[in-house]
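S.K.: next one to model:
(2 chains)
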There are 2 protein chains.
Amino acid sequence: MSILVVGSVALDTVETPFAKREGVLGGAASHFATAASLYDQVNLIGIVGSDFPQEYLDFWRNHNVDLAGLQVQEGKTFHWHGRYHMDMNSRDTLDTQLGVFGDFHPTMPAEYAQSSLVFLANIQPELQLEVLQQVSKTNLTVLDTMELWINTARSQLVEVMKQVDVLLMSEEEVRQFTGQASILVAVRQLFELGLKYVVVKLGSYGALLFGADGTYFSAPSYPLEEVFDPTGAGDSFAGGFLGYLSTVQPDATGRFSRMDLQRAVVHGNIVGSFACTEFGIGGIRELTMADIRQRYQELVSYSHFDPEWKPIA
Amino acid sequence: MSILVVGSVALDTVETPFAKREGVLGGAASHFATAASLYDQVNLIGIVGSDFPQEYLDFWRNHNVDLAGLQVQEGKTFHWHGRYHMDMNSRDTLDTQLGVFGDFHPTMPAEYAQSSLVFLANIQPELQLEVLQQVSKTNLTVLDTMELWINTARSQLVEVMKQVDVLLMSEEEVRQFTGQASILVAVRQLFELGLKYVVVKLGSYGALLFGADGTYFSAPSYPLEEVFDPTGAGDSFAGGFLGYLSTVQPDATGRFSRMDLQRAVVHGNIVGSFACTEFGIGGIRELTMADIRQRYQELVSYSHFDPEWKPIA
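M.R.: Sure thing, here's the model as predicted:
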């Protein structure tokens, strides 16, 4: 199997209360591709400028990321400059320079159309639609988005939601999109769009998996001593989630088993936890399956309790 | 075994974005005693005024709550008036009338001194110390507190912390008390006071159990469609937590098994979830062990995933 991703590739300036770094490899597709390529081949659709460091292209080529869909154009790579608050959850965008990303339209190498899993990372919904129109026979389409598109491109975003299988959203985005305080009520509303699964990302509290078939799973987060830079944690979560699913077989109707979906969310949380430990892709670029396995086993011991009810004496 | 609690008993006015109710049975000891008495006899130390409805006293007497330590004095019962914000997490205190609670000092019926578990519910730390001085041979002392005492009575609060086994605190209170953003770092700091366990309450995200021996357990919350009134959810959590522990035997050194502590936190989350569904004790006054068992089994199915690592193909 192989995993297609379309999304931003960026060179960021990131400030936290503790450190600042310029020229950090960023963008949703960068984090996702680096994470998911641990599991399977990733086909990356995006655009970079002529200033984009060769070192990152070499790194990806050596790590199971196919770059035939990554356009390189004369000009500047997309640039984001953000500053995190003391709580490391909220952040301000200080500057955004679209550069070559401003005129970007995804072009699909013919062989990508057969990718079994498709991740529409956080970019303009109309670009996500362009990709959906070019893929066929995929097992699973997964959508991520952000507050900006909920506010400025809602109708196109709804159109994308109607065409995908899985939606990844933070708790705040779910509330913002639906106007519902209750996550359970909000998710029911999202299922009316035809989605099969909704994954609600809770940041340091883990993630919830909801299925249109009534599936509900609450996945614990991996406890971190310190969060160094949370940028890309959500995209790395998606990388672990789709990465794991790319290694298992859905049934004849394209459905994954409940157990595999649960494992996928746990993989997502684990890869996301590694992503927070350094700037850019620093927390996941050296990651191995042995590292993921160790945290998986720790999470079992941290979160499982006696499955048998013990009668009260 | 029996469980001793000291804390406030109140008649509240509660406003949520959806409803308002006056004369609601409130106070930490009320919620705790109602919850814990599902498991074992509760010995209640507190004070009410001559306006306190006989119906609640009758209810408790019929439900395994011993009231020999509940003083009834001429005057008004403690009164709190609060209003919840739209998120149902934060709230404003609009009015507090101490009434007979203003001159309260706990008096301990002789037989209470042998209570095997002691819960110091949220009241002035100096009153909690008065109770600690009167109990003996208890298996476990558990402390709850609130932002007010962290801000206004820190040194007495630290004194109580040094003398108890278990501390229950919300995540915000832990950060506020320690000045640490990282919960893991903050909890290590709390253990320097000599505590054996710290339970960090995460509200709708569940709870974390930390042990000075390195124990770590993340307990899922029970998913609620709507939170009607969260007042007393933390005290009901404590009631489920201590209630469960009162039914099991610690080892010769007074330590509970890891499995029993985990079950206790899960019971706490479940009882706390019921408490949110109505005003006052309405959500737990009819509760049965069969109801708790059902949510326990649901939580297993909602949160447990394959404990075996599945190798990546």
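S.K.: list the contacts of residue A:113.
M.R.: By C-beta atoms under 8 Å, 6 or more residues apart in numbering or on different chains, the residues touching residue A:113 are A:134, A:135, A:136. (C-beta placed from N, C-alpha, C; glycine too.)
S.K.: ok so residue A:24 is a strand residue?
M.R.: Yes - secondary structure of residue A:24 (DSSP: H, G, I helix; E, B strand; the rest coil): part of a strand.
S.K.: all the strands of chain A, in order from the start?
M.R.: Ranges of strands in chain A, per DSSP state E, are A:2-6, A:10-15, A:20-26, A:41-49, A:65-66, A:70-73, A:79-84, A:91-97, A:117-120, A:140-144, A:166-170, A:197-201, A:207-211, A:216-219.
S.K.: how about the helices in chain A?
M.R.: A:28-36, A:54-61, A:125-134, A:147-152, A:154-163, A:171-178, A:183-191, A:233-246, A:258-275, A:289-303 (DSSP state H).
S.K.: got JSON lines for these, with distance to residue B:8 too?
M.R.: Compiled in JSON lines, the helices of chain A are given as follows (distance: least, C-beta to C-beta, whole Å):
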{"stretch": "helix A:28-36", "distance to residue B:8": "49"}
{"stretch": "helix A:54-61", "distance to residue B:8": "60"}
{"stretch": "helix A:125-134", "distance to residue B:8": "52"}
{"stretch": "helix A:147-152", "distance to residue B:8": "41"}
{"stretch": "helix A:154-163", "distance to residue B:8": "48"}
{"stretch": "helix A:171-178", "distance to residue B:8": "33"}
{"stretch": "helix A:183-191", "distance to residue B:8": "32"}
{"stretch": "helix A:233-246", "distance to residue B:8": "41"}
{"stretch": "helix A:258-275", "distance to residue B:8": "39"}
{"stretch": "helix A:289-303", "distance to residue B:8": "34"}
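S.K.: nearest to chain B, out of the strands of chain A?
M.R.: strand A:216-219 (4.5 Å; C-beta to the nearest C-beta).
S.K.: that closest one pairs with which strands, parallel or anti?
M.R.: Strand pairing for strand A:216-219, using DSSP bridges, gives strand A:207-211 (antiparallel).
S.K.: the partner strand vs helix B:289-303, what angle?
M.R.: Angle of strand A:207-211 versus helix B:289-303, following axes from the mean of the first three to the mean of the last three C-alpha atoms, to 10 degrees, is 100 degrees.
S.K.: what residues are up against residue A:224?
M.R.: Contacts of residue A:224 (C-beta under 8 Å, 6+ apart): A:204, A:273, A:276, A:277, B:182, B:184.
S.K.: are any of these buried, and if so which?
M.R.: Buried subset of the contacts of residue A:224 (neighbour count, 16 or more other C-beta atoms under 10 Å in any protein chain shown): A:204, A:273, A:276, A:277, B:182.
S.K.: re the thing from before, any chance of the strands of chain A in CSV, plus distance to residue B:221?
M.R.: Converted to CSV, those look like this (distance: least, C-beta to C-beta, whole Å):
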stretch, distance to residue B:221
strand A:2-6, 32
strand A:10-15, 32
strand A:20-26, 33
strand A:41-49, 35
strand A:65-66, 38
strand A:70-73, 42
strand A:79-84, 27
strand A:91-97, 26
strand A:117-120, 29
strand A:140-144, 25
strand A:166-170, 17
strand A:197-201, 13
strand A:207-211, 10
strand A:216-219, 8
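S.K.: looking at those strands, which is nearest to residue A:235?
M.R.: Of all those, strand A:140-144 sits nearest to residue A:235, with 7.2 Å by C-beta to C-beta.
S.K.: which strands or helices does that closest one pack on?
M.R.: Strand A:140-144 is packed against strand A:117-120, helix A:154-163, strand A:166-170, helix A:233-246, with contacts defined by 3 or more C-beta pairs under 8 Å, 6 or more residues apart in numbering or on different chains; DSSP states H and E.
S.K.: at 10 Å what do you get?
M.R.: The helices and strands touching strand A:140-144, judged by 3 or more C-beta pairs under 10 Å, 6 or more residues apart in numbering or on different chains; DSSP states H and E, are strand A:2-6, strand A:117-120, helix A:125-134, helix A:154-163, strand A:166-170, strand A:197-201, helix A:233-246.
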